[in-house]
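Chemist: Build the 3D model from these lines:
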Amino acid sequence: MKHTSKIPVFLLALSILFSCKNDTKVDGETIMKSVNTEVSKEKKDSPSNSELEKLKEALINKTPLTDEQLVRAFPKELMGFPLDEVNAIPGMSQVYGQFNNGKIALSIVDAVGNKNSAAITFLSFYEYVPPSNEKSKLIKIERDGFKTISDYKYNETEMKLLLDNRFMVNLSAKAMTPDELWETFDIESLKKYKELNR
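Modeler: Model (predicted):
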């Protein structure tokens, strides 16, 4: 999306360069500087870019939750199934658990401090989700106010979303489409994380 807006500016610069007659000299370096200036202005004026910068600043100034806090806030039940097991990944500000004998998995990353790239990368990637192919179907959709990216392949769904502009949530389930997974999943099961983000 960002690249398509650069194309008209670049084409304009090329047309000026090639439409000039021999008696008029055009400095290619000057043209490229003007193109780069226009592209830089466009990047600065982009609302999504400034929103990402604000979020990045907010996240970097927060203190990550401890492994114990992440584990305590983890849901004991998900989609009607009890928790099989939950583990914190030391030094990663991440907790991972399974439900329904491993058929459902949930991972949560506290994307603050030096881990904020997880949130920023997700939001940047959300703007450009590559096209689906025969083996994998990527689906970008806003569900109940949450930006989600789902990868559906081999009858299994992996869904990513950003909770409360802080927590990267990765939910996966076997034998479910993205729509079925979202309909079954209750976002309120993660409310303890939202409470910790005050």
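
Chemist: Which residue ranges of the chain form strands?
Modeler: 77-78, 81-89, 94-99, 104-110, 137-143, 146-153, 156-163, 167-174 (DSSP state E).

Chemist: Show me the strands paired with the longest one, marking each as parallel or antiparallel.
Modeler: Right, strand 81-89. strand 77-78 (antiparallel), strand 94-99 (antiparallel) (DSSP bridges).

Chemist: I'd like to check what contacts the first one. Which residues are they?
Modeler: Applying C-beta atoms under 8 Å, 6 or more residues apart in numbering, the set of residues contacting strand 77-78 from outside is 83, 99, 104, 106, 185, 189. From N, CA and C alone the C-beta is placed, and that goes for glycine too.

Chemist: OK, contacts around the fifth one?
Modeler: Applying C-beta under 8 Å, 6+ apart, one finds that Phe185 lies in contact with 78-79, 171.

Chemist: buried subset of the contacts of strand 77-78?
Modeler: By neighbour count, with 16 or more other C-beta atoms under 10 Å, these hold 83, 99, 104, 106, 185 as buried.

Chemist: Which of the residues you listed sits closest to Val129?
Modeler: Within these, proximity to Val129 (C-beta to C-beta) peaks at Phe185, which comes in at 20.1 Å.

Chemist: Out of the strands paired with strand 81-89, which is closest to Glu51?
Modeler: strand 94-99 (24.6 Å).

Chemist: Would you point out which residue is most central in this protein?
Modeler: Against the mean C-alpha coordinate of the chain, by C-alpha atoms, centre = their mean, the closest residue is Phe122 at 1.4 Å.

Chemist: If I look at it, what pLDDT would I see?
Modeler: Phe122 is assigned a pLDDT of 87 by the prediction.

Chemist: do the same with Glu127
Modeler: The per-residue pLDDT of Glu127 was computed as 81.

Chemist: how close does it get to Ile104?
Modeler: Separation of Glu127 from Ile104 (C-beta to C-beta, to the nearest Å) stands at 29 Å.

Chemist: about what we covered before: gap between the residue nearest to the centre of the chain and Lys140?
Modeler: 11 Å.

Chemist: Repeat that for Leu78.
Modeler: Distance, Leu78 to Lys140, by C-beta to C-beta: 23 Å.

Chemist: May I have stretch 178-187 as PDB, with CA atoms only?
Modeler: Provided in PDB are the C-alpha atoms of stretch 178-187 (Å, rounded to 0.1, in the frame of the first residue of the first chain):
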ATOM      1  CA  PRO A 178     -10.900 -18.900  11.700                       C
ATOM      2  CA  ASP A 179     -14.600 -17.900  11.900                       C
ATOM      3  CA  GLU A 180     -15.400 -21.000  14.100                       C
ATOM      4  CA  LEU A 181     -12.400 -20.300  16.300                       C
ATOM      5  CA  TRP A 182     -13.400 -16.700  16.900                       C
ATOM      6  CA  GLU A 183     -17.100 -17.600  17.500                       C
ATOM      7  CA  THR A 184     -16.000 -20.100  20.100                       C
ATOM      8  CA  PHE A 185     -13.300 -18.000  21.700                       C
ATOM      9  CA  ASP A 186     -14.400 -15.600  24.500                       C
ATOM     10  CA  ILE A 187     -12.100 -12.600  24.600                       C
END
